[in-house]
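J.: show me how the following folds:
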Amino acid sequence: MLLLYVLALLVFLTVRAQQLLPGSCSFEEDTCGYVSDPAYAIWTVNEEGRFITVDSAFMDGKEKAVLASPELELLDWSCLRLVYQITGSGSLQLHLRPENENFDYPLWTSTQPSDSWLIASVDLRNTSNSYKILMEGRPGQETGNSVAIFEIHIVPGYCIECNFEEHHLCGYSNQWNPNVNWYVGGSVARDPQSNLPDDHTMSNERGHYMYVDSVYAKKFQEVAKLGSPMTTTPMAGCMSFYYQRDQERGNIFSVFTKDQLGHYEEIWRPDVYATSSWKLVQVDIKAPHPLEVVFEVAFNSPRGGYVALDDISFSPEFCSSETEPTFDPSIANCDFEEGFCRYYQERAEGSVWNRVTVKPNAYRIGDHTTGSGSFLLANTRFTSRPGYVGRLHGPFLPGNHKYCLRFYYALHGFRKIDNALAVYVYDENNVAQEKVWTVYESSRDIWTEVDITFQKPMPTKVVFVSICKNFWDCGLVALDDITVSLGDCRVSAGLMQSLPGRCDFETGDCGYTQDKEGDMGDWMRMRGQTPTSYTGPKGDHTTGVGYFMYIEASHMLPGHSARLRTMELRGSAEPQCLIFHYHMYGSGTGLLSALLHREGHDHDSLLWRRRGEQSISWMKAMVDYTCEDRHQIVFEAIRGPSIRSDIAIDDIMFKKGPCTDPGDSIPYSGFSENFNEIEY
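T.: Numbers count the residues shown, from 1 in each chain. I've put the predicted structure just below:
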């Protein structure tokens with residue numbers, strides 16, 4: 001049965017040879033330079049050619065099979081179209097492996113089983129560095145499960161572009177409706193009485209286009225939707241397409257974008273009822289996150305006419321010179337390490353918000369960024385006045401954008417937290433448009449993350465407001481690490497979690513493993529405060545209410561160790577940067593080390609170490625290292641002389657080095673001589 005599907009699809013999937021770029025393969029005669037990674041199971045070419053597969057019966061105890069392309073250097077934007085099939089259960093993932101990096105970047109994944117071949121479209125951004133494409137197949141363990149790849153086509157241009165001449169329709173899909181649907185129009189064989197147009201691409205009857213007709217509409221507002229493949233990388237520019245529209249009794253034609261959360265946003269609708277010839281449309285698209293373009297037609301009756309669509313293209317240049325360039329919202333980012341950035345206070349209110357630096361110690365938390373850096377603190381200079389109002393204004397942001405605002409705050413010493421901190425959106429006239437967030441209840445002395453999604457039609461700015469009505473009820477409000485990005489916070493949060501080499505332990509252990517050999521303790525995944533008083537963190541570093549890894553000293557004896565290994569890293573000739581946050585608070589705190597374990601070596605190399613109590617804060621470590629062999633990073637914690645020796649780690653990240661931030665630059669092991677010292 002599988003072979004019949006292959007033969008049927010082979011007739012349809014014909015792409016002009018001159019369009020194919022390096023990395024394309026139909027597996028007719030060979031694998032075109034694609035090779036199986038010997039560390040995993042083997043991909044096997046079908047005896048009769050035409051596809052390559054990995055089957056559950058031939059996994060040899062391995063979890064996956066990895067197929068790597070030859071080294072590619074695609075200088076212009078291109079689109080990878082993959083024809084695949086998952087039989088039974090399993091998954092197929094595409095990764096990009098840049099030269100001289102430890103990690104592979106996920107591009108696309110599917111777990112959708114099918115009785116026929118499916119098509120995926122994946123955008124490949126232009127880059128000056130060479131890379132490889134990886135196909136990772138994971139068939140389910142049961143007999144009969146398999147993952148197969150029929151064709152890999154890499155063509156110039158963007159994946160949302162299409163002239164509908166190939167039968168795969170560039171990955172566009174129809175949302176099925178029993179009565180009205182998008183169909184392929186054109187070709188020689190058609191009803192001579194049809195009023196449908198000739199194709200726009202070839203200007204004759206032999207070309208193809210997409211159309212939807214009202215003849216079978218039975219209900220009011222029956223809708224047909226044609227959706228593009230989901231983009232896999234941020235895009236900004238001009239989308240063009242041609243359409244014809246015949247409206248006898250009524251149809252509604254609109255173009256939308258749809259994000260991963262299923263939210264629609266209309267970006268265009270026609271300004272004329274009917275067109276007698278193909279009409280060009282150009283509309284700007286700004287896609288900071290993955291989205292698809294949806295062409296939607298709704299009919300009011302069987303006499304609603306038709307809509308035809310052809311020649312969708314995309315340019316990185318905006319359609320009109322009046323269109324504002326892609327806005328970089330990072331102008332509103334600030335970690336307050338070098339100053340107030342673009343934030344300012346109202347002069348009439350005085351300096352309620354002060355930039356301070358707390359020496360790392362055992363009594364007061366430092367900043368969120370590094371533990372020893374700077375942050376903003378409201379109500380820092382106590383006076384006899386009854387209270388205060390402090391407004392911290394951010395820079396203006398253009399209207400008609402969806403923004404994700406993230407920041408961290410901490411409270412200390414409040415009797416009542418009403419009005420302690422709120423966030424408003426102000427317009428250009430300095431008028432508050434909306435209160436978008438306020439703190440209702442919060443743990444004390446923990447940096448807590450807040451994310452807010454907002455959108456206004458006019459230019460706006462974010463204003464942080466702290467109000468103290470009765471001085472004796474007020475405490476300290478701390479603010480740090482403000483970031484603003486385009487798009488919905490829920491989408492960007494998912495993108496951040498999918499970054500390679502990043503682990504915040506929010507959804508699991510990231511594939512990290514316990515080193516049992518010689519260990520007398522374990523790293524445990526935990527949220528909230530550790531059970532032993534006067535040791536360990538009160539919350540995680542990521543959000544304040546999430547998860548972290550730690551050793552529980554009361555379950556160990558002095559000198560006992562626990563070792564946590566990262567997943568295996570590929571190795572690179574270029575420097576790599578290891579970043580993580582650690583927490584070492586407690587009078588009996590022992591030793592924390594980051595070690596480099598090379599494959600095949602008996603001894604680990606020391607990369608970084610801290611001994612004894614450091615601070616009640618989460619502290620940041622940044623470590624440069626180079627290793628060309630397969631390796632792992634090992635976090636080793638050794639319990640100190642008392643049960644107050646909990647040690648924790650969180651937010652581990654690897655990136656291409658060298659580290660650009662001095663990060664953990666504390667030259668001593670211990671704490672400040674003045675435990676409560678604050679520098680203004």
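
J.: for Asn145, which non-adjacent residue is closest in space?
T.: Spatial nearest neighbour of Asn145, excluding adjacent residues (CB to CB, 6 or more residues apart in numbering): Gly88 at 3.6 Å. Using the backbone N, CA and C atoms, a C-beta is placed for each residue, glycine as well.

J.: neighbours of Asp624, how many?
T.: The tally of other residues near Asp624 (other CB atoms under 10 Å) stands at 13.

J.: cool, Arg138 as well?
T.: Neighbours of Arg138 (other CB under 10 Å): 25.

J.: residues in contact with the helix or strand harbouring it?
T.: Element membership for Arg138 (DSSP states H and E) is strand 131-139. Under the criterion CB atoms under 8 Å, 6 or more residues apart in numbering, residues 23, 34, 43, 54-56, 59, 63-73, 80, 82, 86-99, 104, 145-147, 149, 152 lie in contact with strand 131-139.

J.: which residues does Ala65 bridge with?
T.: Judged by DSSP bridges, the bridge partners of Ala65 are Ala41, Gly137.

J.: that one: neighbour count?
T.: Number of residues near Ala65 (other CB under 10 Å) recorded here: 25.

J.: what about it, distance to Ser351?
T.: The gap separating Ala65 from Ser351 is 62 Å, by CB to CB, to the nearest Å.

J.: picking up where we left off before, list the buried residues of the strand holding Arg138.
T.: Residues 131-139 are the ones in strand 131-139 that count as buried (16 or more other CB atoms under 10 Å).

J.: just stretch 309-320 next, same as before
T.: Buried residues in stretch 309-320, counted by 16+ other CB under 10 Å: 309-314, 318-319.

J.: with distance to Ile633 and pLDDT as added columns, please give those in TSV.
T.: Formatted as TSV, the buried residues of stretch 309-320 follow (distance: CB to CB, whole Å; pLDDT from 0 to 100):
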residue	distance to Ile633	pLDDT
Leu309	52	93
Asp310	53	93
Asp311	51	94
Ile312	46	95
Ser313	46	95
Phe314	41	94
Phe318	44	88
Cys319	48	87
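
J.: the residues you listed in helices, which ones?
T.: Judged by DSSP state H, the subset of those located in helices is empty.

J.: inside strands: which ones of these?
T.: Counting by DSSP state E, the buried residues of stretch 309-320 place 309-314 in strands.

J.: which one of the residues you listed is nearest Gln455?
T.: Phe314 (24.1 Å; CB to CB).

J.: skip the chain neighbours and tell me the closest residue to the closest one.
T.: Spatial nearest neighbour of Phe314, chain neighbours left out: Tyr158 (4.3 Å); criterion: CB to CB, 6+ apart.

J.: hang on, that neighbour in a helix?
T.: No. Assigned with DSSP: H, G, I helix; E, B strand; the rest coil, Tyr158 falls outside any helix and is coil.

J.: pretty sure it sits against Asp123.
T.: Yes. At 6.3 Å, Tyr158 counts as touching Asp123 under the criterion of CB atoms under 8 Å.

J.: between these two, what contacts are shared?
T.: 77, 79, 235.

J.: just the buried residues of those.
T.: Among the shared contacts of Tyr158 and Asp123, those classed as buried by 16+ other CB under 10 Å are 77, 79, 235.

J.: dump these to TSV, plus secondary structure and distance to Thr453.
T.: Shown next, in TSV, are these (DSSP: H, G, I helix; E, B strand; the rest coil; distance: CB to CB, whole Å):
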residue	secondary structure	distance to Thr453
Trp77	coil	29
Cys79	strand	30
Met235	strand	20
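
J.: closest one of the residues you listed to Asn181?
T.: Nearest to Asn181 out of those is Cys79 (CB to CB; 25.0 Å).

J.: return the set of residues that bridge with the closest one.
T.: With DSSP bridges as the criterion, Cys79 is bridged to Asp123, Val155.

J.: now swap in His597 and tell me
T.: Bridge pairing for His597 - DSSP bridges - gives Gln632.

J.: please apply the same query to Ile579.
T.: For Ile579, the beta-bridge partners are Met622, Met653 (DSSP bridges).

J.: which stretches of the stretch 151-300 of the chain have low pLDDT?
T.: Applying pLDDT under 70 to the stretch 151-300 of the chain flags residues 187-195, 198-199, 201-206, 248-249.

J.: quick one: the helices in it?
T.: Remark: helices of the stretch 151-300 of the chain are absent; assignment by DSSP state H, counting those that start in this stretch.

J.: and Ala348, how many neighbours does it have?
T.: Neighbours of Ala348 under the rule other CB under 10 Å: 7.

J.: and the gap between it and Cys341?
T.: Separation of Ala348 from Cys341 (CB to CB) stands at 22 Å.

J.: please apply the same query to Phe256.
T.: Remark: distance between Phe256 and Cys341 (CB to CB) = 36 Å.

J.: show me which of those two is the more surrounded one.
T.: Shown here are Phe256 and Cys341; by other CB under 10 Å, Phe256 has more neighbours (19 against 16).

J.: who's in contact with the more buried one?
T.: The contact partners of Phe256, taken as CB under 8 Å, 6+ apart, are 264-267, 293-294, 296.

J.: just those: which are in strands?
T.: Among these, DSSP E puts 264-267, 293-294, 296 in strands.

J.: got the contact list for stretch 29-41?
T.: 23-25, 42-43, 45, 49, 52, 54, 58-60, 62-70, 135, 152.

J.: in PyMOL, how would I select just the buried ones from those?
T.: Buried residues within the contacts of stretch 29-41, by 16+ other CB under 10 Å, are selected in PyMOL with:
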select buried, resi 23+24+25+42+43+45+52+54+59+64+65+66+67+68+69+135+152
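
J.: so which of the contacts of stretch 29-41 belong to strands?
T.: The members of the contacts of stretch 29-41 that map onto strands under DSSP E are 45, 52, 54, 65-68, 135, 152.

J.: in TSV: these, plus distance to Gly185.
T.: Shown next, in TSV, are the ones in strands among the contacts of stretch 29-41 (distance: CB to CB, whole Å):
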residue	distance to Gly185
Val45	38
Ile52	35
Val54	39
Ala65	41
Val66	42
Leu67	38
Ala68	41
Met135	34
Ile152	29
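
J.: of the residues you listed, which is the nearest to Ala562?
T.: Distances from Ala562 to the ones in strands among the contacts of stretch 29-41, taken as CB to CB, are shortest for Val66 (31.3 Å).

J.: next one: the residue nearest to that closest one when sequence neighbours are not counted from Ser26, what distance?
T.: Closest residue to Val66 apart from its sequence neighbours, by CB to CB, 6+ apart: Asp37 at 4.0 Å. Distance, Asp37 to Ser26, using CB to CB: 22 Å.

J.: do Gln514 as well
T.: Taking CB to CB as the measure, Gln514 and Ser26 are separated by 45 Å.

J.: also Leu196?
T.: According to CB to CB, Leu196 and Ser26 sit 33 Å apart.
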